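[1] just to be clear, the model below is a prediction. Sequence and coordinates:
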Amino acid sequence: MSGHSKWHNIQARKGKSDAQRGKIFTKIGREIAVIVKQGGSDPVSNPKLRDVIAKAKQNNMPNDSIERSIKKAAGELAGVNYESCTYEGYGQGGSAVIVECLTDNKNRTAGDVRHAFDKFGGALGSNGCVSYLFQRKGAVEVEKTDKVDIDELMMTALDLGATDVVEYDDAIEVATEPNMHNIVSEGLEKAGYSVLEAKTSLEPDSYIDLEEEKLAKFLKMIDALEDLDDVQEVFHNVNLPDEE
């Protein structure tokens, strides 16, 4: 991954209001629930939990909310069981869209996702209809400060197994193989860097451009999908304007 990162671009569109922040807390809480049940409630031995806690703090999620989500998942408090599901479909101009969800009711989620596609001229497809156009990749976002030397960071990251380092105005993104983001994240933290988030994402093999009218409708569809409580991540292959 090099050049203009759509992972960074898409992330920049999120969390712009208090209402959205509340929904983000709900989504992160679900993610914590699943990760704790998979790997335990101790962030020391569960690197995925450590990553999602870092993401929660980056989004200003209160510590007591984080702890409550962990306790629920560990069975210390009453909670809900969530399962993951993925939907694939098409947006404006034949664009490819993948929607990753955590839900306690797949029928409800499928209906909500289908409605968002249909409302804005898209179409929900079958599993596998667009996933072949994407590759799973890892990404570690590092805080950008005056003390960070990009060349030194790059050498450190590459030595840890990263594949690329891209500098932005507000952050630095370290790209990794999908099974290496936790190792690279831990190594960078030990080297003194402030890691804001470590995760995997789906990156398309290529991107398409949409004319203004279709792009506007496409972005409304993406916003509608991201606004659903059950939706965790939305990936696509559309070039977005720099300001998005």
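    Looks like it came in fine. Residues are numbered from 1 along each chain as shown.
[2] could you measure from Gly75 over to Ser65?
    18 Å (CB to CB, to the nearest Å). Just so you know, the C-beta spots here come from the backbone N, C-alpha and C atoms, and that holds for glycine as well.
[3] give me the more crowded residue out of these two.
    Ser65 (15 against 11; other CB atoms under 10 Å).
[4] now do the contacts for the more buried one.
    Phe25, Gly29, Ala56 (CB atoms under 8 Å, 6 or more residues apart in numbering).
[5] of these, closest to Met221?
    Phe25 (23.5 Å; CB to CB).
[6] if you count contacts, what does the helix or strand containing Val234 end up packed against?
    Assigned by DSSP states H and E, Val234 belongs to strand 231-236. Counting contacts by 3 or more CB pairs under 8 Å, 6 or more residues apart in numbering; DSSP states H and E, strand 231-236 is packed against helix 6-11, helix 18-39, strand 96-103, strand 195-204, helix 212-226.
[7] how does the protein divide into domains?
    The chain resolves into domains spanning 6-73, 83-132+207-236, 134-204 when parsed by automatic domain parsing.
[8] returning to what we had before: nearest to Leu158, of the helices and strands packed on strand 231-236?
    Using CB to CB, the nearest of the helices and strands packed on strand 231-236 to Leu158 is strand 195-204, at 16.2 Å.
[9] what's next to the closest one, contact-wise?
    1, 6-7, 51, 54-55, 58, 96, 98, 131, 133-143, 171, 178, 181-182, 184-185, 188-189, 233, 235-237.
[10] name every strand pairing with that strand and say which way it goes.
    strand 134-143 (antiparallel) (DSSP bridges).
[11] next, the angle strand 96-103 makes with the partner strand.
    70 degrees (axes from the mean of the first three to the mean of the last three CA atoms, to 10 degrees).
[12] extract the C-alpha set from strand 134-143 and format it as CSV.
    Taking Å, rounded to 0.1, in the frame of the first residue of the first chain, the C-alpha atoms of strand 134-143 are listed here in CSV:
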residue,chain,number,x,y,z
PHE,A,134,-10.2,-6.6,-2.4
GLN,A,135,-7.2,-7.7,-0.4
ARG,A,136,-7.0,-7.9,3.4
LYS,A,137,-4.2,-5.6,4.7
GLY,A,138,-3.0,-4.4,8.0
ALA,A,139,-2.5,-0.7,9.0
VAL,A,140,-1.0,0.9,12.1
GLU,A,141,-1.7,4.6,12.6
VAL,A,142,1.1,6.5,14.4
GLU,A,143,0.6,9.9,16.0
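[13] give the pairing partners of the strand holding Val234; include direction for each.
    strand 96-103 (antiparallel).
[14] after the strand it pairs with, which helix or strand is next?
    Assigned by DSSP H and E, the successor of strand 96-103 is helix 106-119.
[15] could you list every helix and strand that the helix or strand following that next one packs against?
    Proceeding N to C from helix 106-119, the next assigned helix or strand is strand 123-124, under DSSP H and E. Under the contact criterion of 3+ CB pairs under 8 Å, 6+ apart, strand 123-124 touches strand 83-90, helix 106-119.
[16] export the ones you listed as TSV, with columns for mean neighbour count and distance to Val148.
    What follows is those, written out as TSV (neighbours: other CB atoms under 10 Å; distance: least, CB to CB, whole Å):
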stretch	mean neighbour count	distance to Val148
strand 83-90	17	35
helix 106-119	16	39
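[17] so which of those comes closest to Tyr193?
    Taking the helices and strands packed on strand 123-124 one by one with CB to CB, strand 83-90 is closest: 30.3 Å.
[18] now the domains of the chain as JSON lines including mean pLDDT?
    Compiled in JSON lines, the domains of the chain are given as follows (pLDDT from 0 to 100):
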{"stretch": "domain 6-73", "mean pLDDT": "77"}
{"stretch": "domain 83-132+207-236", "mean pLDDT": "95"}
{"stretch": "domain 134-204", "mean pLDDT": "91"}
